[in-house]
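Visitor: Sequence plus the predicted model coming up.
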Amino acid sequence: MRNYSVNADKYHYQPAIPPLMVYNFTRMESPLFEALFEEEERLPVSVSELNADIRATLERSFGSVWVEGEITNFHAAASGHWYFSLTDGASLIKAACFKGQNFRIRFKPFDGLQVRVRGRVTTYEKRGEYQLLVESLEPVGEGALTVAFEQIKAKLAKEGLFDQALKRPLPPFPRRIGIVTSPTGAAVHDIISVLERRARSVSIVLVPTLVQGDQAGEQIEAAIALANAFNDTAEPEKKIDVLIVGRGGGSAEDLWAFNEERVARAIRASKIPVISAVGHEVDFSIADMVADLRAPTPSAAAEIVAKAEIEIVTQLEQGSARLARSMNMILLAARADMQSLAMAPIFAEFPARIRNMGHDVDGAMRRATESMTTMFRSRSVRTQEVLKRLSPLGLAGKLSENKRRLGLLDQRSNVAGQRMTESRHRTLEKAMSRLDAMSPLRVLERGYSITQKSDNSILRDAADAAAGELLRIRLAKGEVKAEVKESF
């Protein structure tokens with residue numbers, strides 16, 4: 001019977017010092033001597049039977065042991081099984097971790113890694129070699145999740161999945177948001193709450209999935225693929241513009257699904273831009289590194305999505321205010337320009353000249369009328385004098401002739417007066433046409449312009465314009481502001 005002492009984390013197999021044993025040879029109590037004097041001969045056992053007995057004994061005696069050592073000769077077989085040895089520098093034991101067990105281990109072991117292993121001791125009967133069948137394996141001094149995280153991170157970084165050139169910009173105004181998360185978690189409620197408050201025009205498509213546990217990574221991968229498949233067949237107005245993939249806070253074990261390689265590759269392969277929103281701000285996952293944009297929390301992801309709509313509304317409001325101010329300034333400037341033009345000398349002199357010309361025409365008309373009236377009166381007086389000098393009898397026929405002539409003369413006088421009046425009218429019309437032609441507005445319509453300096457004075461000589469001076473040129477329609485480059 002052997003005794004074993006157990007020291008904390010591992011077994012130390014040391015035979016205890018047996019008490020002094022005294023053998024009574026006369027009684028033949030020694031097993032060795034008893035075997036020599038057995039009456040029946042023992043039959044030998046086969047090698048397989050012996051190995052099977054040894055295996056049963058080992059598995060019964062060492063059904064669950066913890067062993068700490070360094071991994072050497074690690075080999076991952078094509079079948080999925082792991083084979084390696086554990087050593088403490090002085091001794092070595094072979095170990096195996098079969099596919100049905102190692103899929104639960106978050107990282108891939110490597111030579112030189114110090115580990116703590118739980119398993120059972122057994123034999124490989126075909127070779128008669130004993131080995132340790134590993135059921136669980138943990139790094140010593142550093143957590144398994146940390147090792148796995150660094151391994152996956154290094155692998156994907158080497159493949160270029162984290163390159164900034166692969167990051168796609170989010171659409172400026174997303175209308176339909178896909179959410180890949182648990183339908184019962186706090187994350188989906190936070191996202192919906194933010195979007196309802198800040199972007200009510202945005203619609204939501206929930207793609208439910210597990211977010212923790214052994215099956216979570218596979219389901220998240222399938223959910224991302226499902227959202228992309230939906231987009232491939234959906235009408236343009238129903239397509240998903242952005243995917244939010246994430247969950248609320250939790251332990252490293254709870255968040256591990258978002259560190260799995262299959263989830264990272266699904267995010268990178270997604271045709272829809274992906275925002276990763278895993279845990280709290282201090283949590284950082286592989287999904288955050290490979291996604292097009294990382295949000296510290298699910299609520300922050302919703303705020304990023306809603307940001308575009310709020311910015312557009314704000315820009316519209318600010319633009320409307322700027323437009324109103326600009327229009328008020330333009331109206332004030334136009335009113336000032338109109339007042340300055342109304343006070344310009346050229347527009348003040350023109351009405352006076354029109355009035356003076358009207359007075360001249362009225363005077364000419366009055367003088368013409370008075371001249372005609374005087375002439376008619378003179379002719380009438382002369383006619384009366386002639387009638388007085390002539391006898392009534394001798395001049396009856398002549399009187400009739402004179403009357404006729406007087407009628408003709410009167411008619412001619414009327415015609416002459418009418419022609420003179422028409423001539424005066426034509427002269428007046430010509431004068432008014434010339435005056436109209438001299439109007440500044442008509443001059444402007446013919447292509448001329450009025451050039452004013454910055455003090456509103458009219459520029460008549462090029463020598464009065466200095467280089468760099470700003471001028472305002474009034475045209476028939478509108479005005480132009482110009483800068484003097486050179487004057488001649």
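Guide: Right, received. Where do you want to start?

Visitor: quick one, domains of the chain?
Guide: 5-132, 149-311, 345-438, 439-488 (automatic domain parsing).

Visitor: Figure out the length between the terminal residues of the shortest one.
Guide: Taking C-alpha to C-alpha, to the nearest Å, domain 439-488 runs 28 Å from one end to the other.

Visitor: Which among the domains of the chain is found nearest to residue 320?
Guide: Of all those, domain 149-311 sits nearest to residue 320, with 14.8 Å by C-beta to C-beta. All C-beta atoms are positioned from the backbone trio N, CA, C, and that covers glycine.

Visitor: Go ahead and list the helix or strand containing residue 472.
Guide: Using DSSP states H and E, residue 472 maps to strand 470-474.

Visitor: Neighbouring strands - and their directions - for the very next helix or strand once past that strand?
Guide: Counting by DSSP H and E, the next helix or strand C-terminal to strand 470-474 is strand 479-483. Its sheet considered, strand 479-483 pairs with strand 470-474 (antiparallel) by DSSP bridges.

Visitor: Can you list the buried residues in the strand it pairs with?
Guide: Using 16 or more other C-beta atoms under 10 Å as the test for burial, strand 470-474 gives 472, 474.

Visitor: Tell me how far that strand lies from the chain's centre.
Guide: Distance of strand 470-474 from the chain centroid (C-alpha atoms, centre = their mean, to the nearest Å) equals 44 Å.

Visitor: now that strand: mean pLDDT?
Guide: Throughout strand 470-474, pLDDT has a mean value of 84.

Visitor: which residues are contacting it?
Guide: Strand 470-474 is contacted from outside by 341, 444, 449-454, 459, 465, 479-484, using C-beta atoms under 8 Å, 6 or more residues apart in numbering.

Visitor: Dump the C-alpha coordinates for it into CSV.
Guide: This file holds the C-alpha atoms of strand 470-474, laid out as CSV (Å, rounded to 0.1, in the frame of the first residue of the first chain):
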residue,chain,number,x,y,z
LEU,A,470,-14.2,100.5,-55.5
LEU,A,471,-16.7,101.9,-58.0
ARG,A,472,-20.4,101.3,-58.3
ILE,A,473,-21.7,101.3,-62.0
ARG,A,474,-25.4,101.7,-62.5
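
Visitor: Show me the helices in the stretch 301-450 of the chain, by range?
Guide: 345-389, 396-437, 440-445 (DSSP state H, counting those that start in this stretch).

Visitor: Kindly reformat the domains of the chain as TSV containing distance to residue 328.
Guide: Formatted as TSV, those follow (distance: least, C-beta to C-beta, whole Å):
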stretch	distance to residue 328
domain 5-132	67
domain 149-311	26
domain 345-438	26
domain 439-488	19
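
Visitor: Pick out the shakiest of the ones you listed, pLDDT-wise.
Guide: Lowest mean pLDDT of these: domain 5-132, a mean of 70.

Visitor: what's residue 96 sitting at in phi/psi?
Guide: As for residue 96, its main-chain torsions (degrees, to the nearest 10) stand at phi -140, psi 140.

Visitor: Just want the phi and psi numbers for the residue nearest to residue 89 when sequence neighbours are not counted.
Guide: Nearest non-adjacent residue to residue 89, counting by C-beta to C-beta, 6 or more residues apart in numbering: residue 70, 7.7 Å away. Backbone torsions of residue 70, given as degrees, to the nearest 10, read phi -100, psi 140.

Visitor: Remind me which helix or strand residue 119 belongs to.
Guide: strand 114-124.

Visitor: angle of the next helix-or-strand element following that strand against strand 114-124?
Guide: With elements assigned by DSSP H and E, the helix or strand that comes after strand 114-124 is strand 129-139. Taking axes from the mean of the first three to the mean of the last three C-alpha atoms, to 10 degrees, one finds that strand 129-139 is oriented at 150 degrees with respect to strand 114-124.

Visitor: Who does strand 129-139 pair with, and is each partner parallel or antiparallel?
Guide: Partners of strand 129-139 in its sheet, by DSSP bridges: strand 92-97 (parallel), strand 114-124 (antiparallel).
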